[in-house]
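[1] Next come a sequence and a model predicted from it.
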Amino acid sequence: MKLYNYLIILALLFASEVFSQTPTDFLSAEFHKERRATLRAKMPANSVAVVFANPIRNRANDVDYVFHQDPNFYYLTGYREPNAVLVIYSDNQTDASGNTFNEVLYVQKKDKVREQWDGKRLGVEGAKTQLGFAVAKNGEEFAKDNINFKNFTKVFAEKFKDDYRNSSRNNAEVYDLVNGFKNQSGYGDIKETDPNVAYVYNMIANVPDPKLEEVAKSIYNNFEKYPAFKNDELINKYATATNNELRKELKQKMIIAAAKKPDTNIDTKFLTTKMAEMREIKSEAELKLLTKAIRISAVGQIEMMKAMKPHMSETEIQGIHEFVYKKYGAEYEGYPSIVGAGNNGCILHYIENNRTHVDNDLVLMDLGAEYRGYTADVTRTIPANGKFSAEQKAIYNIVLEAQDKGIAASTVGGQFWQPGEEAKKVINKGLFDLGIIKSIDEKHNYFPHGTSHHIGLDVHDPGTYGAFKENMVITVEPGIYIPDGSNCDKKWWGIAVRIEDDILITKNGPKNLSEEAPRTVEAIEKMMAKKSVLDDFILPSLD
């Protein structure tokens with residue numbers, strides 16, 4: 001073969017690889033199949049689980065939000081399209097032709113017109129060949145199959161949020177699938193427990209007695225946010241109880257109430273509980289994707305440290321982080337990006353990001369890339385001018401010490417609340433030493449949140465929140481927030497510091513997966529002194 005022709009062939013092969021390539025590092029069909037098998041093994045005999053895809057949600061007029069799959073549905077199927085439902089049977093079923101099966105995935109059907117507008121669909125054949133389902137059907141078959149749910153001892157489904165709209169595009173949208181299930185199963189006739197109330201019952205049942213008062217105070221402080229807590233008789237009494245003996249008594253009543261058998265075969269707690277148990281432990285394949293999401297987010301923090309200038313806006317800072325995510329091929333942000341300069345950093349979930357100049361304030365940057373469905377959660381707080389002031393440095397180092405203590409407490413067998421306890425001790429002592437609080441035991445709101453939650457397919461991934469186990473990935477994120485007008489010396493006002501890292505629980509101790517992003521004052525200042533590739537990226541003025 002002539003060299004010229006050989007080079008042409010190589011070029012064509014390269015072009016086909018590069019220009020037609022789509023991501024291939026999603027979780028495998030085998031992973032999702034194994035997850036379904038694990039769930040099936042937890043199900044009692046003669047039971048069925050029904051899991052729905054997320055609906056499409058409207059943004060404005062005829063524009064929808066970017067679709068994001070329900071994490072549990074994705075975990076079990078790998079299917080990334082809307083208008084679908086998964087049915088898992090505990091025991092083999094037999095169809096009219098004598099074929100046996102124990103699961104069916106109902107998907108949106110192929111449609112050339114809609115695919116021209118909205119993108120390709122897997123369809124039934126794709127669900128079989130690419131996702132590995134032996135039995136897959138079009139969505140309208142779900143109603144036609146007329147599954148007799150009342151013949152099962154247990155029917156497992158999650159509580160519906162009822163935010164499905166009927167666009168009338170077809171008769172097999174999630175709206176139709178959910179309504180069909182409700183009608184066929186009698187779901188609409190049952191009285192459901194608020195999932196937040198159920199969560200509190202479960203939490204109280206598992207909390208050690210010495211912590212009952214602390215939990216009661218936390219629930220009481222959430223009465224306004226969650227009115228269902230105040231309206232539930234047992235929770236209300238527990239949160240307002242004046243002694244631990246009464247709290248212990250109420251705890252036992254909650255355990256009994258939670259175990260009381262309902263008058264229906266529909267169970268809206270089982271799936272939530274079992275999926276949390278499964279998802280809190282990450283597999284090797286999941287850790288690979290999650291670690292990549294975390295490292296992408298850490299690099300975003302590094303590049304922003306180098307690019308930071310006092311004249312920048314919060315929006316521009318957000319954009320630089322998210323540009324790094326896209327550069328690495330991360331599809332989305334795992335949650336709305338938080339960039340708060342000065343007093344804005346005192347707003348825990350500040351997402352407006354609309355301050356036009358960050359000036360010489362601290363800038364709190366809480367952002368995370370979502371890579372192949374898995375979400376990081378990394379926070380750094382840095383001085384916009386590249387140098388911490390004496391006051392900023394004092395607060396920052398308290399938070400850093402608190403985080404170090406929290407990370408050290410994140411060990412196999414430890415309890416989920418322990419990192420927060422360790423961090424709280426450091427912060428209280430530090431604030432007292434600086435004269436910001438009057439006593440080490442003073443109740444204050446300068447550290448108003450916990451330190452840890454699971455991450456994974458959700459930024460706040462479900463879990464049992466009990467003892468730490470190997471291959472959990474959690475956050476450790478203490479903070480100090482001193483808003484303008486606080487009852488302390490004005491020199492502290494407007495200082496907000498949060499440091500958040502993603503920690504893998506291993507048998508050899510905690511491993512910081514986001515350690516690439518500098519954490520110490522010295523390391524941050526050193527990184528901020530470096531030249532940024534964006535320094536010469538100057539756009540024309542539009543004035």
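    Received the coordinates, thanks. Numbers count the residues shown, from 1 in each chain.

[2] can you count the residues close to Asn231?
    Neighbour count for Asn231, taken as other CB atoms under 10 Å: 12. Placement of C-beta: from N, CA and C, glycine included.

[3] how close does Lys309 get to Pro210?
    50 Å (CB to CB, to the nearest Å).

[4] who has more neighbours, these two?
    Neighbours per residue (other CB under 10 Å) separate Lys309 from Pro210, with Lys309 holding more: 16 against 8.

[5] Run through the residues that contact the more buried one.
    Taking CB atoms under 8 Å, 6 or more residues apart in numbering, we find Lys309 in contact with Ala384.

[6] That one in helix, strand or coil?
    coil (DSSP: H, G, I helix; E, B strand; the rest coil).

[7] Let me know the pLDDT of it.
    With respect to pLDDT, Lys309 scores 97.

[8] Next up, phi/psi of it, please.
    phi -140, psi 150 (degrees, to the nearest 10).

[9] What's the first helix or strand after the helix or strand harbouring Tyr75?
    Assigned by DSSP states H and E, Tyr75 belongs to helix 71-77. Going down the chain from helix 71-77, the next helix or strand is strand 85-94, by DSSP H and E.

[10] Identify the residue nearest Leu290 in space, chain neighbours excluded?
    Among residues not flanking Leu290 along the chain, Tyr374 sits closest, at 4.3 Å (CB to CB, 6 or more residues apart in numbering).

[11] which residues touch that neighbour?
    By CB under 8 Å, 6+ apart, Tyr374 lies in contact with Glu286, Leu289, Leu290, Lys292, Ala293, Gly456, Leu457.

[12] pLDDT wise, what is Asp543 at?
    Taking Asp543 on its own, its pLDDT is 88.

[13] Could I get the phi/psi values of the closest residue to Ala276 other than its chain neighbours?
    With sequence-adjacent residues excluded and distances taken as CB to CB, 6+ apart, Ala276 is closest to Pro462, at 3.8 Å. Dihedral angles of Pro462 (phi, psi; degrees, to the nearest 10) stand at phi -70, psi 160.

[14] wouldn't Pro462 be in contact with Thr273 here?
    No: look at Pro462 against Thr273 with CB atoms under 8 Å: they stay out of range, at 9.0 Å.

[15] These two: who's more crowded?
    Shown here are Pro462 and Thr273; by other CB under 10 Å, Pro462 has more neighbours (21 against 15).

[16] how close does that one get to Asp162?
    Taking CB to CB, one finds Pro462 at 20 Å from Asp162.

[17] Contacts only, for Thr506.
    Taking CB under 8 Å, 6+ apart as the criterion, Thr506 is in contact with Val412, Glu470, Asn471.

[18] Relative to Thr153, which of those residues is nearest.
    Thr153 lies nearest to Asn471 out of these, by CB to CB, at 33.1 Å.

[19] Any idea how many residues pack against the closest one?
    By the measure other CB under 10 Å, the count of residues near Asn471 is 16.

[20] Kindly report the same for Val363.
    Neighbours around Val363, by other CB under 10 Å: 25.

[21] Then Phe432?
    As a burial measure, Phe432 scores 15 neighbours (other CB under 10 Å).

[22] Same question for Val426.
    When neighbours are defined as other CB under 10 Å, Val426 has 20 of them.

[23] So which elements touch the host helix or strand of it?
    In this assignment (DSSP H and E), Val426 forms part of helix 418-433. For helix 418-433, the packing partners by 3 or more CB pairs under 8 Å, 6 or more residues apart in numbering; DSSP states H and E come out as helix 390-408, strand 473-476, strand 479-482.

[24] Return the set of buried residues in stretch 353-363.
    Across stretch 353-363, burial judged by 16 or more other CB atoms under 10 Å covers Asn353, Arg355, Val358, Asp361, Leu362, Val363.

[25] ok so, going back, take the helices and strands packed on helix 418-433 and write them to CSV, including mean pLDDT, distance to Asn72 and mean neighbour count.
    Shown next, in CSV, are these (pLDDT from 0 to 100; distance: least, CB to CB, whole Å; neighbours: other CB atoms under 10 Å):
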stretch, mean pLDDT, distance to Asn72, mean neighbour count
helix 390-408, 98, 29, 20
strand 473-476, 98, 18, 26
strand 479-482, 98, 30, 25
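
[26] Which of these sits closest to Val50?
    Among the helices and strands packed on helix 418-433, strand 473-476 comes nearest to Val50, with 28.8 Å by CB to CB.

[27] what's the span of stretch 513-524 from first residue to last?
    18 Å (CA to CA, to the nearest Å).

[28] Then stretch 492-512?
    Chord length of stretch 492-512, first to last residue, is 30 Å (CA to CA).

[29] for stretch 305-318, same thing?
    Criterion CA to CA; first-to-last residue distance in stretch 305-318 is 12 Å.

[30] re earlier: of all the contacts of Tyr374, which comes closest to Thr77?
    Using CB to CB, the contacts of Tyr374 come closest to Thr77 at Leu457, 12.4 Å.

[31] doesn't Glu370 make contact with the closest one?
    No: contact criterion CB under 8 Å: Leu457 and Glu370 do not qualify, at 9.1 Å.

[32] Which residue comes closest to Leu431 once chain neighbours are left out?
    Residue nearest to Leu431 in three dimensions, not counting chain neighbours: Ile437, with 4.6 Å by CB to CB, 6+ apart.

[33] in a helix, that's where that neighbour is, yeah?
    No: assigned with three-state DSSP, Ile437 falls outside any helix and is coil.

[34] contacting residues for it?
    Asn428, Leu431, His444, Tyr446, Cys488 are the contacts of Ile437 under CB under 8 Å, 6+ apart.

[35] and these as a markdown table, adding distance to Val51 and pLDDT?
    Formatted as a markdown table, these follow (distance: CB to CB, whole Å; pLDDT from 0 to 100):
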| residue | distance to Val51 | pLDDT |
| --- | --- | --- |
| Asn428 | 44 | 98 |
| Leu431 | 46 | 98 |
| His444 | 43 | 95 |
| Tyr446 | 42 | 98 |
| Cys488 | 50 | 97 |
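
[36] Ala198: what's it in contact with?
    Ala258, Lys269, Thr272.

[37] Tell me the one of those nearest Gly123?
    The closest of the contacts of Ala198, once distances to Gly123 are taken by CB to CB, is Thr272, at 30.3 Å.

[38] That closest one - nearest residue in space that isn't next to it in sequence?
    Leaving out its chain neighbours, the residue that sits closest to Thr272 by CB to CB, 6+ apart is Glu158, at 5.9 Å.

[39] right, and that neighbour touches Lys274 too?
    No: between Glu158 and Lys274 there is no contact under CB under 8 Å: 10.8 Å.

[40] list the contacts for Ile407?
    Here Ile407 is in contact with Pro419, Val476, Asp501, Ile503, Pro510, Asn512 (CB under 8 Å, 6+ apart).

[41] ok, back up a step: max pairwise distance over the buried residues of stretch 353-363: which two?
    Using CB to CB, the two most remote members of these are Asn353 and Leu362, lying 15.1 Å apart.

[42] any weak-confidence spans in this protein?
    1-20, 168-169, 188-193, 261-262 (pLDDT under 70).

[43] ok, for Leu212, nearest residue in space, not its chain neighbours?
    Nearest residue to Leu212 in three dimensions, chain neighbours excluded: Arg247, at 4.3 Å (CB to CB, 6+ apart).

[44] in a strand, that's where that neighbour is, yeah?
    No: counting by three-state DSSP, Arg247 is not part of a strand but helix.

[45] Farthest pair within the contacts of Ile437?
    Greatest spacing in the contacts of Ile437, by CB to CB: Asn428 and Cys488 (14.0 Å).
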